[in-house]
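Student: Quick one: sequence plus predicted model below, questions after.
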Amino acid sequence: MNRLEISELVVNVPGRRDGRPLSLSVEPGQVWGVLGPNGAGKTTLLHTLAGLRAPRAGRVLVDGRPLAALSRRQVARTLGLVFQERHDGFPATVRETALIGRHPWLSPWQMEGAEDLRLAEAALERLDVDHLAERLVSTLSGGERQRLAIATVLTQAPNIWLADEPSNHLDLHHQTAVMALLSEQAAQGKAVMMCLHDLNLAARWCDHLLLLYPGGEACWGPAERMLVPAALERLYGQRLATAKIDGAPVFVPVR
Ligand SMILES: Nc1ncnc2c1ncn2[C@@H]1O[C@H](COP(=O)(O)OP(=O)(O)OP(=O)(O)O)[C@@H](O)[C@H]1O
């Protein structure tokens with residue numbers, strides 16, 4: 001079990017004043033959504049939480065220990081990252097790519113074993129890309145690549161998921177399947193934080209929300225307290241109509 005604690009964190013968004021420092025905890029079992037308009041700093045925040053970018057101030061802690069004090073291997077075992085930019089380094093198949101998720105768990109020259117292969121195959125099947133296992137990644141569609149990226153993190157089996165737009169490129173069915181998977185991960189005691197542009201996915205699947213405003217303002221808390229139409233309209237500069245379906249609020253932009 002791992003909790004991700006953000007303490008007085010000021011993310012370094014170039015050219016922007018500090019804004020409100022962020023202090024919150026993503027607990028095991030919780031699903032946090034990060035909402036905000038383009039350029040609000042969602043990706044920069046996730047990169048900072050992953051230790052890929054230094055903050056201007058404040059700290060990121062895993063189970064009370066600063067992220068910087070953990071070894072690279074500990075970080076790689078603990079944090080699973082689904083990020084937007086992907087580079088095809090060398091030609092690899094879908095199966096080989098999913099197996100990369102096992103690397104934090106292997107010693108430097110150790111080959112993947114039967115159990116690693118089983119985990120990778122199960123993840124590919126869960127993300128509905130098992131039929132593509134032999135294909136080169138460079139031949140995949142956008143949605144297939146996204147599902148493979150998520151399958152690779154599932155193979156990695158981290159305790160904390162950081163996902164930047166996990167529903168990106170996905171059709172409606174696969175959006176729902178991925179949100180159900182992240183929700184299930186949380187139910188198994190993992191901590192999940194994801195950036196989302198789709199307010200309705202956030203309203204249905206996230207139990208906590210962090211709202212990032214372009215000027216550096218922010219507020220956070222349980223989803224039902226954050227999903228206030230007036231606050232969301234201010235966040236996006238967009239009028240919204242609201243309804244309730246299946247017990248969850250639904251927001252539709254209006255002209
Ligand atoms: N290396 C950089 N140099 C200059 N500006 C940068 C750099 N990286 C990010 N920014 C700026 O920082 C701001 C925050 O970027 P970020 O990608 O975190 O936003 P975001 O909320 O994820 O946006 P989006 O919804 O468009 O994905 C943007 O205005 C972006 O142009």
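Tutor: Yes, it's here. Residues are numbered from 1 along each chain as shown.

Student: Nearest residue to the middle of the protein?
Tutor: For the chain, the residue nearest the mean C-alpha position is Ala163 (1.4 Å; CA atoms, centre = their mean).

Student: That one should be in a strand, yeah?
Tutor: Yes - when DSSP: H, G, I helix; E, B strand; the rest coil is applied, Ala163 is found to be in a strand.

Student: Next one: it from the ligand, what distance?
Tutor: Note on Ala163: its distance to the ligand, by CB to the nearest ligand atom, to the nearest Å, is 12 Å. Glycine gets a C-beta too; all of them are placed from N, C-alpha and C.

Student: If that residue is in a bridge, with which residues?
Tutor: Beta bridges link Ala163 to Val82, Met194, judged by DSSP bridges.

Student: just checking, it touches Lys190?
Tutor: No - assessed by CB atoms under 8 Å, Ala163 is found out of contact with Lys190, at 11.5 Å.

Student: Buried ones in stretch 25-35, by neighbour count?
Tutor: Burial within stretch 25-35, assessed by neighbour count using 16 or more other CB atoms under 10 Å, is assigned to 26-35.

Student: wait, doesn't Trp103 sit right on Arg77?
Tutor: Residue 103: His, not Trp. No - the criterion here is CB under 8 Å, and His103 misses it with Arg77 at 10.0 Å.

Student: quick revisit: and the buried residues of stretch 25-35 as TSV, adding distance to the ligand?
Tutor: Below are the buried residues of stretch 25-35 laid out as TSV (distance: CB to the nearest ligand atom, whole Å):
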residue	distance to the ligand
Val26	18
Glu27	24
Pro28	25
Gly29	26
Gln30	21
Val31	19
Trp32	15
Gly33	13
Val34	8
Leu35	9
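
Student: what about the helices in the stretch 51-200 of the chain?
Tutor: 72-78, 94-99, 114-126, 142-156, 172-187, 199-205 (DSSP state H, counting those that start in this stretch).

Student: near the ligand, which residues of this protein show up?
Tutor: Within the chain, the residues that sit near the ligand (CB under 6 Å from any ligand atom) are 13-14, 36, 38-44.

Student: In JSON lines: the residues you listed, plus pLDDT, distance to Gln110 and neighbour count.
Tutor: JSON lines is the format used below for those (pLDDT from 0 to 100; distance: CB to CB, whole Å; neighbours: other CB atoms under 10 Å):
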{"residue": "Val13", "pLDDT": "93", "distance to Gln110": "40", "neighbour count": "20"}
{"residue": "Pro14", "pLDDT": "91", "distance to Gln110": "41", "neighbour count": "6"}
{"residue": "Gly36", "pLDDT": "97", "distance to Gln110": "42", "neighbour count": "21"}
{"residue": "Asn38", "pLDDT": "95", "distance to Gln110": "43", "neighbour count": "8"}
{"residue": "Gly39", "pLDDT": "94", "distance to Gln110": "43", "neighbour count": "12"}
{"residue": "Ala40", "pLDDT": "95", "distance to Gln110": "42", "neighbour count": "24"}
{"residue": "Gly41", "pLDDT": "95", "distance to Gln110": "39", "neighbour count": "23"}
{"residue": "Lys42", "pLDDT": "96", "distance to Gln110": "36", "neighbour count": "23"}
{"residue": "Thr43", "pLDDT": "96", "distance to Gln110": "33", "neighbour count": "19"}
{"residue": "Thr44", "pLDDT": "96", "distance to Gln110": "35", "neighbour count": "19"}
